[in-house]
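**Student:** Sharing a model prediction with you, sequence too.
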Amino acid sequence: MSNRSSLGNERTTSGARSVVLTCLAITILDGVDLIMFGAVLPTLLETEQWGITTATAGLIGSLSLFGMMAGAMLAGYITDRIGRRPVVLACIVSFSLFTGLCAMAPNLEAFGLFRLLAGLGFGGALPTLIALTQEYVKVDRRQFYNGVIQTGFPIGGVVVSIAAIFMIPAFGWKSMFAAGGLLGIVLLVIAYRHLPESIAFLTSKGRHAEARALAQRYSIDAGAESGMALDQTRSTDSETKSGLKLLFAPGYRIATIMFPLITFFGLLVSYGMNTWIPQMLRASGYDLGSALTFLLAFNLGSGFGMVVITGLADRLGSRRVISVSFVGGALAVSALTLQPAQALVFGLVLLIGFCASSTTGVYGFVGVFYPAAARGTALGLAVGLGRLGGVCGPILTGLIMSSALGANWAYYAFAFAGVAAAVLVALVPRKKRAERETPVAVEKAAEPA
């Protein structure tokens, strides 16, 4: 028996790696979608394509984020009802179709509609991918691999930035959207071949033969949630506590309200800084040279933080690590108001980017806080409503920068948001035996006595 368990543990690493790499590849599309409009925007404004103005450009830039917000909340619920795999495949199809159509848009209204629909369709991918990843990797590494797959955001941003340098001058801005649609088709093929269904979902629906076949194919053992799910015998009563109802069961309802607030503040800082930090530093009197250097520092810090913060969360606990990281970011932002030497600014921006990735850890915290039956819905709410912070961050910063308050008050606003997020993380209700409970135990604990 011990030999079988040892072999299973060895194989799990290979099976989980396949799932993680597939989810990482799909997450890259999210980074591509986020950066693509910004990459072509200077060309659109310079050529006055369809009479676009800075005001209409700002509206179109928000449409994709609003679409993703709605898509995340809707798909998060659907994935707990029909399964993870069909939702992810539908998200990729939507991204490929509507992103490709952007290259053929006849006017600004159609272009904006296609951006909205692309965001709406693909918005559900991230919460679903996080949920699926956390079910296939070992329980004590769920946070870390959540961070790994979300490095797809900066990877996608780098891919778009490099591609834009060469493709826009040679083939025009429409080539970027055409290439994005083709990339989606390639990843659809990869996902169709390598992305499995949730074993926990299959067992909850009584599809035990399919669950066992997947466990054998991916060599899953009891070290992962999917392995644990094979031993579950869910009754009709426990099934009624799944999904949306479980989110508002005793022990969960307060956290269900708090997590979206935390991600709101986290994304307000991340998106706001990503958009405005070069201009904010210029307004503070620094001779910055290329703004891309500071954006690169911010995003390098962010990518590094995604892996480090989530890895530490596995070992030291989500609550402690994420709270400290948010506070560290607030202190680093506040330090910019002291007009430090320019040599220190690069290090501070790197640190701010590192701490701004705390939201990645929050997503992982949500994933381990809820059982598998409600995880997709919970992540959909946290990711979807949290994106409002991504919309508000750049707008709020722009209003402050255009007022008499100036850059220092923008720094204070970001520091306040970081502290608020840290306090909320610390106040998330603790459950019995904390986050180390198995999914079965967690679900039973949620049921009324």
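**Tutor:** Cool, the structure landed.
**Student:** So the residue nearest to residue 22 when sequence neighbours are not counted versus residue 21, what's the distance?
**Tutor:** Distances taken as CB to CB, 6 or more residues apart in numbering place residue 194 nearest to residue 22, at 4.6 Å, with adjacent residues excluded. The way it works is simple: take the backbone N, C-alpha and C, and place the C-beta from them, glycine included. According to CB to CB, to the nearest Å, residue 194 stands 8 Å off from residue 21.
**Student:** swap in residue 46?
**Tutor:** 39 Å.
**Student:** Looking at these two, which is more packed in?
**Tutor:** residue 21 (14 against 9; other CB atoms under 10 Å).
**Student:** Find the helix or strand that the more buried one is a member of.
**Tutor:** If you go by DSSP states H and E, residue 21 is part of helix 2-47.
**Student:** Check residue 202 too.
**Tutor:** Here residue 202 is assigned to helix 199-204, by DSSP H and E.
**Student:** Show me what whatever helix or strand comes next after that helix packs onto, helices and strands only.
**Tutor:** Following helix 199-204 in sequence order, the next helix or strand is helix 208-217 (DSSP H and E). With contacts defined as 3 or more CB pairs under 8 Å, 6 or more residues apart in numbering; DSSP states H and E, helix 208-217 has these neighbours: helix 199-204, helix 225-229.
**Student:** CA-only coordinates of the helix holding residue 202 in CSV, if you can.
**Tutor:** The C-alpha coordinates for helix 199-204 follow below in CSV (Å, rounded to 0.1, in the frame of the first residue of the first chain):
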residue,chain,number,x,y,z
ILE,A,199,-13.1,15.6,-10.4
ALA,A,200,-14.9,17.1,-7.4
PHE,A,201,-17.7,18.3,-9.8
LEU,A,202,-18.0,14.9,-11.5
THR,A,203,-18.3,13.1,-8.1
SER,A,204,-20.9,15.7,-6.9
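**Student:** how far is it from where the chain is centred?
**Tutor:** Relative to the centre of its chain, helix 199-204 is centred 24 Å away, using CA atoms, centre = their mean, to the nearest Å.
**Student:** again with stretch 202-211
**Tutor:** Mean C-alpha position of stretch 202-211 versus that of the full chain (CA atoms, centre = their mean) differs by 28 Å.
**Student:** swap in stretch 184-201?
**Tutor:** Taking CA atoms, centre = their mean, the mean C-alpha location of stretch 184-201 is offset from the chain mean by 18 Å.
**Student:** quick one: the helices in the stretch 251-400 of the chain?
**Tutor:** Under the criterion DSSP state H, counting those that start in this stretch, the stretch 251-400 of the chain contains helices at 253-283, 291-316, 318-335, 342-356, 358-369, 372-401.
**Student:** out of those, which comes closest to residue 163?
**Tutor:** The minimum distance between residue 163 and the helices of the stretch 251-400 of the chain falls on helix 291-316, with 15.2 Å, by CB to CB.
**Student:** related to what we said a few turns ago, is it possible to get a markdown table of the helices of the stretch 251-400 of the chain that adds distance to residue 418?
**Tutor:** Listed next are these as a markdown table, based on distance: least, CB to CB, whole Å:
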| stretch | distance to residue 418 |
| --- | --- |
| helix 253-283 | 6 |
| helix 291-316 | 13 |
| helix 318-335 | 3 |
| helix 342-356 | 7 |
| helix 358-369 | 8 |
| helix 372-401 | 12 |
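**Student:** hey, which of those helices is tucked in deepest?
**Tutor:** Mean neighbours per residue, mean count of other CB atoms under 10 Å, is largest over those for helix 358-369, with a mean of 28.
**Student:** List the residues that contact the spatially most central residue of the chain.
**Tutor:** With distances taken as CA atoms, centre = their mean, residue 126 lies nearest the centre of the chain, 5.5 Å away. When contacts are counted by CB atoms under 8 Å, 6 or more residues apart in numbering, residue 126 touches 27, 30, 72, 150, 363, 379, 383.
**Student:** still on that earlier bit, turn the helices of the stretch 251-400 of the chain into TSV, including distance to residue 102 and mean pLDDT.
**Tutor:** Formatted as TSV, the helices of the stretch 251-400 of the chain follow (distance: least, CB to CB, whole Å; pLDDT from 0 to 100):
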stretch	distance to residue 102	mean pLDDT
helix 253-283	21	83
helix 291-316	24	80
helix 318-335	34	92
helix 342-356	28	85
helix 358-369	27	87
helix 372-401	20	81
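**Student:** Looking at those, spot the one closest to residue 141.
**Tutor:** Within these, the stretch nearest residue 141 is helix 291-316; the backing value is 5.8 Å (CB to CB).
**Student:** any low-confidence regions in this structure?
**Tutor:** Within the chain, the segments meeting pLDDT under 70 span 1-14, 54, 221-244, 275, 287-293, 295, 431-449.
**Student:** Excluding covalently adjacent residues, which one is nearest to residue 335?
**Tutor:** Going by CB to CB, 6+ apart, residue 335 has residue 348 as its nearest residue, at 5.8 Å.
**Student:** quick one: contacts for the one you found?
**Tutor:** Per CB under 8 Å, 6+ apart, neighbours of residue 348: 332, 335, 336, 340.
**Student:** For the helix holding residue 21, which helices and strands make contact with it?
**Tutor:** Against helix 2-47 (3+ CB pairs under 8 Å, 6+ apart) you get helix 54-82, helix 84-102, helix 108-122, helix 125-136, helix 142-150, helix 152-171, helix 174-194.
**Student:** and the angle from it to helix 142-150?
**Tutor:** Here the directions of helix 2-47 and helix 142-150 differ by 40 degrees (axes from the mean of the first three to the mean of the last three CA atoms, to 10 degrees).
**Student:** where's helix 2-47 relative to the chain centroid, distance-wise?
**Tutor:** Offset of helix 2-47 from its chain centre (CA atoms, centre = their mean): 11 Å.
**Student:** Same check on stretch 380-388?
**Tutor:** Relative to its parent chain, stretch 380-388 has a centroid offset of 9 Å by CA atoms, centre = their mean.
**Student:** Looks like residue 386 contacts residue 270 (just checking).
**Tutor:** No - using CB atoms under 8 Å as the test, residue 386 is too far from residue 270 to be in contact (10.1 Å).
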